[in-house]
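*Asks:* 3D, please:
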Amino acid sequence: MSKRPRFGVPWTVLASVLLAMLAWSSAPSAQDRRLLDANGYVRDDAYARPLVPAADQKYLKIDGLKMKETLKEVVAISLKSRDDGNKYWGRIAGTKYEAMVHDWAEAKFKKYGLQDIHRQPFTLPTQWFPTDWTYTFTAAGKSYTFKSVNPSLGSPGTPPAGLDLDVVWVGTGTAADFAGRDVKGKAVLIHSIPAPGSMGHSAAYEHAMSRAFEKGAAAIGVVYGISDNFAIWQGLGRDGEGAAAKAITTPGFFMGFQDGKVIRDLIGAGQPVKLKMKVSVEHRDGLTSSNVWGTLPGATDENIIIIAHQDGYYEASLDNASGQSVMMALLDYFSQLPKEQRRRSLTFIATASHHVGSPGTKWIHDNRATVLAKTALMINCEHVSVSDTKYWNGVMRKANVVAPRRWWINGSERLFDTVLKSYATFGVGLIADMDPNASGDMGNVARDLPSIQIIRSPVTKHTDDDKPEWVPAAGLEAVARAYARIIDDVNKLDRRDLTPAPRTSTQAAGR
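*Replies:* Predicted coordinates:
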């Protein structure tokens with residue numbers, strides 16, 4: 001007679017259940033992807049949205065899906081650049097494609113009947129343009145070419161015949177990684193970890209490119225990321241610190257993680273790898289860009305300035321079609337209000353050539369005594385909405401929430417209170433501590449007047465995956481609604497109520 005366990009369940013039954021559990025735990029299972037679209041991006045209707053108090057529901061007429069369509073109008077200009085055959089493509093500063101965004105912004109301003117619409121031209125300094133490039137790796141008689149490889153921004157070209165180089169892998173490029181390695185006259189490959197993206201990546205803060213430059217590398221390559229395969233436009237940086245820093249003049253390139261891993265693994269398997277690289281570069285003078293201005297008149301001679309930069313790499317959906325869509329949503333919302341309900345005029349500026357020095361906001365700073373004499377607040381619309389992500393077992397998984405933003409406020413406690421309350425009301429997530437300084441296009445002018453911005457610089461920024469699918473409509477509308485509420489609240493305050501209190505030399509730059 002078989003024995004039974006104390007609770008009366010036969011051993012045979014327990015064994016069957018246990019085997020079934022083991023089989024279930026070891027069997028592969030397909031992930032449920034109902035929150036994602038067919039291409040693996042989070043659907044716009046899948047994002048979490050907050051409940052909005054009744055007093056603020058008037059702002060719900062600002063519609064994120066409509067804003068997404070505005071964003072796509074800007075992205076279409078980048079796609080024309082690509083389709084016209086440019087390898088260095090996008091709304092590149094100084095090109096006719098950036099000028100097409102000027103046309104687009106001016107047409108929007110005219111559609112809404114703005115006043116004093118005009119373009120303010122700037123002549124750009126000499127601009128770097130790569131016109132053609134090839135990178136061919138060889139190992140064990142096999143050749144490898146990769147679509148993700150781009151010259152680094154500002155890289156010198158190669159001799160017409162190109163460069164033939166041995167390839168050396170140096171990990172993340174720390175001093176320990178270079179110890180005992182001879183890299184002189186060779187192509188160095190550095191693995192850089194986004195932290196969070198091209199605005200901060202490990203090879204930059206470890207000074208890995210400078211280290212390779214100092215040790216005589218003939219070419220410096222950066223493998224970008226810890227998953228996916230992003231092509232990216234990014235520079236190598238500078239050698240040294242402060243005023244004594246000088247440009248790294250070694251030819252450089254960036255490549256995606258999946259492609260870089262192929263070369264890493266070949267070297268790891270003991271295969272010598274060589275690189276043949278040819279890069280053609282032009283330096284163009286006489287290129288121009290413009291600020292595009294337009295004003296929605298208010299009841300007084302004071303104003304609020306709203307800015308958004310126009311240029312961008314690749315499709316540049318986050319950077320900065322997202323900001324352009326927010327600016328136009330604010331224009332659409334406030335243009336529907338009677339003039340007497342707008343205490344201050346709203347001055348909209350589509351700003352010039354952010355990626356090559358922001359001449360538009362630099363001019364505003366240089367002329368602040370007159371241009372900003374009656375300005376109560378400046379709002380920067382830049383990189384405002386992107387899907388949050390989490391790395392999991394070598395995969396970048398997307399979330400149905402908008403990534404929290406870095407933020408900046410220069411102003412009084414009353415301005416802090418109204419801005420932060422507006423962000424909370426519409427679910428605009430923030431990194432908990434405020435940035436010590438404003439960044440992006442706001443950086444030139446942020447301390448010249450009361451100013452605010454939110455900004456996000458994720459792993460996809462400046463890459464070929466900066467597509468509309470990464471930009472949630474939920475995040476676009478949340479930011480536009482919050483900014484509209486802020487404008488209304490600021491219009492209840494006098495300028496003296498918005499100005500930050502004077503700070504002593506011992507006080508921190510941040511709040």
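
*Asks:* now the lengthiest strand in the chain: mean pLDDT?
*Replies:* If you go by DSSP state E, the chain has its longest strand at strand 127-139. On average, the pLDDT along strand 127-139 is 97.

*Asks:* and that strand, which strands flank it?
*Replies:* Take DSSP bridges as the rule and strand 127-139 pairs in its sheet with strand 142-145 (antiparallel), strand 274-284 (antiparallel).

*Asks:* out of those, nearest to Glu469?
*Replies:* Smallest distance to Glu469 across those (C-beta to C-beta): 27.2 Å, for strand 142-145. Quick note: C-beta positions are derived from backbone N, CA and C, even for glycine.

*Asks:* Contacts made by that closest one with the rest, please.
*Replies:* 134-138, 262-263 (C-beta atoms under 8 Å, 6 or more residues apart in numbering).

*Asks:* which residues of the stretch 351-500 of the chain fall in strands?
*Replies:* With strands called from DSSP state E, counting those that start in this stretch, the stretch 351-500 of the chain shows them at 375-381, 387-392, 395-402, 406-410, 451-455.

*Asks:* okay, the ones you listed in TSV with mean pLDDT and mean neighbour count next?
*Replies:* As requested, the strands of the stretch 351-500 of the chain are exported to TSV (pLDDT from 0 to 100; neighbours: other C-beta atoms under 10 Å):
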stretch	mean pLDDT	mean neighbour count
strand 375-381	98	26
strand 387-392	94	15
strand 395-402	94	17
strand 406-410	97	22
strand 451-455	97	26
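
*Asks:* what separates the single longest helix found in the chain from the chain centre, distance-wise?
*Replies:* Scanning the chain for the longest helix, with DSSP state H as the assignment, gives helix 64-83. Put simply, helix 64-83 sits 16 Å off its chain's centre (C-alpha atoms, centre = their mean, to the nearest Å).

*Asks:* Show me which residues of that helix are buried.
*Replies:* Under the neighbour-count criterion of 16 or more other C-beta atoms under 10 Å, helix 64-83 has 64, 66-68, 70-72, 74-75, 77-78, 81 buried.

*Asks:* Isn't Met396 up against Asn229?
*Replies:* No - contact criterion C-beta atoms under 8 Å: Met396 and Asn229 do not qualify, at 11.0 Å.

*Asks:* ok, Gly221 touching Gly256?
*Replies:* No - assessed by C-beta under 8 Å, Gly221 is found out of contact with Gly256, at 11.5 Å.

*Asks:* Residues in contact with the longest strand of the chain: which ones?
*Replies:* Applying C-beta under 8 Å, 6+ apart, the contact partners of strand 127-139 are 87-88, 93-94, 143-146, 149-151, 153-155, 157, 162, 167, 253, 255, 263, 266, 271-285, 287, 356.

*Asks:* and with 7 Å instead?
*Replies:* Here strand 127-139 makes contact (C-beta atoms under 7 Å, 6 or more residues apart in numbering) with 87-88, 94, 143-145, 149, 151, 154, 167, 253, 263, 266, 271-284, 287, 356.

*Asks:* From Val74, how far out is Asp319?
*Replies:* 11 Å (C-beta to C-beta, to the nearest Å).

*Asks:* What distance do you get for Leu36 to Glu382?
*Replies:* Per C-beta to C-beta, Leu36 is found 27 Å from Glu382.

*Asks:* should've said Asn320
*Replies:* In terms of C-beta to C-beta, Asn320 sits 5 Å off from Glu382.

*Asks:* The two: which is more packed in?
*Replies:* Using other C-beta atoms under 10 Å as the criterion, Asn320 and Glu382 rank with Asn320 on top: 34 against 26.

*Asks:* Any of the contacts of strand 127-139 buried? List them.
*Replies:* Buried subset of those (neighbour count, 16+ other C-beta under 10 Å): 88, 94, 149, 151, 167, 253, 263, 266, 273, 275-279, 281, 287, 356.

*Asks:* hmm, back to that, more neighbours: Gly221 and Gly256, which one.
*Replies:* Gly221 (31 against 24).

*Asks:* For that one, give the beta-bridge partners.
*Replies:* Bridge pairing for Gly221 (DSSP bridges) gives the partners Leu189, Phe253.

*Asks:* I figured it hits Pro251, correct?
*Replies:* No - between Gly221 and Pro251 there is no contact under C-beta atoms under 7 Å: 9.4 Å.

*Asks:* which one of the buried residues of helix 64-83 sits closest to Ala99?
*Replies:* Here the nearest of the buried residues of helix 64-83 to Ala99, counting by C-beta to C-beta, is Ile77; it sits at 9.6 Å.

*Asks:* if we can go back for a sec, tell me which residues of the longest strand of the chain come out buried.
*Replies:* For strand 127-139, the neighbour count (16+ other C-beta under 10 Å) marks 127-128, 130, 133, 135-139 as buried.

*Asks:* repeat for stretch 362-373
*Replies:* Neighbour-count burial for stretch 362-373, counted by 16+ other C-beta under 10 Å, picks out 362-365, 368, 371-372.

*Asks:* what's the span of it from first residue to last?
*Replies:* End-to-end distance for stretch 362-373: 16 Å, by C-alpha to C-alpha, to the nearest Å.

*Asks:* Not counting sequence-adjacent ones, nearest residue to Gly475?
*Replies:* In this structure, Gly475 finds its nearest non-sequential neighbour in Ser385, 2.8 Å apart by C-beta to C-beta, 6 or more residues apart in numbering.

*Asks:* Now the common contact residues for Asn320 and Glu382.
*Replies:* Counting by C-beta under 7 Å, 6+ apart, the contacts common to Asn320 and Glu382 are 308-309.

*Asks:* before we move on, back to that, Phe122 is nearest to which of the strands paired with strand 127-139?
*Replies:* Closest to Phe122 of these is strand 274-284 (C-beta to C-beta; 14.9 Å).

*Asks:* Check what contacts the closest one and list those residues.
*Replies:* By C-beta under 7 Å, 6+ apart, the surrounding residues in contact with strand 274-284 are 126-138, 151, 155-158, 162-167, 187, 219, 251.

*Asks:* ok so, going back, now the buried residues of stretch 362-373 as a markdown table including pLDDT and distance to Arg456?
*Replies:* Output for the buried residues of stretch 362-373, formatted as a markdown table (pLDDT from 0 to 100; distance: C-beta to C-beta, whole Å):
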| residue | pLDDT | distance to Arg456 |
| --- | --- | --- |
| Lys362 | 97 | 23 |
| Trp363 | 97 | 26 |
| Ile364 | 98 | 23 |
| His365 | 98 | 24 |
| Arg368 | 97 | 27 |
| Val371 | 97 | 28 |
| Leu372 | 98 | 26 |
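
*Asks:* Gly171 looks like it's in a strand, true?
*Replies:* No - per DSSP: H, G, I helix; E, B strand; the rest coil, Gly171 lies outside any strand segment and is coil.

*Asks:* what about it, distance to Pro472?
*Replies:* Taking C-beta to C-beta, one finds Gly171 at 35 Å from Pro472.

*Asks:* neighbour-wise, which of these two wins?
*Replies:* Looking at Gly171 and Pro472 with other C-beta under 10 Å, you find the greater number of neighbours at Pro472, namely 29 against 14.

*Asks:* Which parts of the stretch 1-150 of the chain are strands?
*Replies:* Assigned by DSSP E, counting those that start in this stretch, the stretch 1-150 of the chain shows strands spanning 90-91, 115-123, 127-139, 142-145, 150-151.

*Asks:* Pull up the per-residue confidence for Lys186.
*Replies:* Note on Lys186: pLDDT of 98.

*Asks:* my guess is it meets Asp164, correct?
*Replies:* No - Lys186 is beyond contact range of Asp164, at 10.8 Å (criterion: C-beta under 7 Å).

*Asks:* Who has more neighbours out of those two?
*Replies:* Lys186 (20 against 13).

*Asks:* Would you mind giving both backbone torsions of the more buried one?
*Replies:* The phi and psi values for Lys186, taken as degrees, to the nearest 10, are phi -120, psi 170.

*Asks:* for it, what are its contacts?
*Replies:* Contact partners of Lys186, counting by C-beta under 7 Å, 6+ apart, are 165-168, 217-218.
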